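Participant: This is the structure alone, sequence omitted:
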């Protein structure tokens, strides 16, 4: 599988978003583990998770524990897999989301995430979402301390603006490895951040790259041009979407979610799809 760079690590061009394995409608444990294994067997070497990826109150870190369990049960070399997790965004279990960007919370959360993942140091730790009650530099400063202490190997941010990207780079002393923002055919308002990451050489990880859990199944009909191009190539609209995103910049690493092995296997084949310049222009203009 084609490789991309996140900070100092080479990873597969397509990652696996673990969120669907732990929230509402999640599969049973056997299928969840099989989905992670299918991704790894397909050459995926980036898995995205977060301590807030859970369904019920009292199960914080459900997805991290699941990913850790699946990696330990896999027959391949798990040391080659970069697990990216996040902290600072909370899901109390009542369907709402809250933020906690206090440095003391982030440092405690990172150490708890490392424990759940079963690692000495987290490969990539990202500040999940800005907390309006905490100065951004203070939150990101916690990541700098975690780097210096060896709790995490690389640092990233999520749901960030261009200004916040630049501020994070400064606070981290140039050690910003990734930016994870929402981006898809349906949601393109992070295009400026994507392009900025390309200019400064920071990995850009689109979350919900297929439009989100409820929208992905209808992608080919809600965005007809992606469906037409897919028919032309005899592939799924999801493959076309991911191939288009990969073509936008060499720093882009989409992280489609999956709850079935077949879904991530299909997504992984997007790296083999070659779209013409005219097709790429048509998709971008749609």
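Facilitator: On my side now, so go ahead. It should be emphasised that the depicted structure is a prediction, and the values quoted were computed from it without experimental measurement.
Participant: Can you name the residues that contact the closest residue to residue 137 other than its chain neighbours?
Facilitator: Of all residues not flanking residue 137 in the chain, residue 171 sits nearest, at 5.2 Å (C-beta to C-beta, 6 or more residues apart in numbering). The way it works is simple: take the backbone N, C-alpha and C, and place the C-beta from them, glycine included. Residues in contact with residue 171 (C-beta atoms under 8 Å, 6 or more residues apart in numbering) are 137, 140-141, 143-144.
Participant: How about residue 129?
Facilitator: Residue 129 touches 88-89, 97, 99, 101, 158-159, counting by C-beta under 8 Å, 6+ apart.
Participant: Dump these to a markdown table, plus secondary structure, neighbour count and pLDDT.
Facilitator: Listed next are the contacts of residue 129 as a markdown table, based on DSSP: H, G, I helix; E, B strand; the rest coil; neighbours: other C-beta atoms under 10 Å; pLDDT from 0 to 100:
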| residue | secondary structure | neighbour count | pLDDT |
| --- | --- | --- | --- |
| 88 | coil | 29 | 95 |
| 89 | strand | 23 | 92 |
| 97 | coil | 11 | 87 |
| 99 | strand | 19 | 94 |
| 101 | coil | 23 | 98 |
| 158 | strand | 22 | 98 |
| 159 | coil | 21 | 98 |
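Participant: Could you dump those into CSV with distance to residue 272 added?
Facilitator: Below are the contacts of residue 129 laid out as CSV (distance: C-beta to C-beta, whole Å):
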residue, distance to residue 272
88, 36
89, 34
97, 36
99, 39
101, 40
158, 28
159, 31
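Participant: between those residues, which is nearest residue 79?
Facilitator: Taking C-beta to C-beta as the measure, residue 79 lies nearest residue 158 of the contacts of residue 129, at 24.8 Å.
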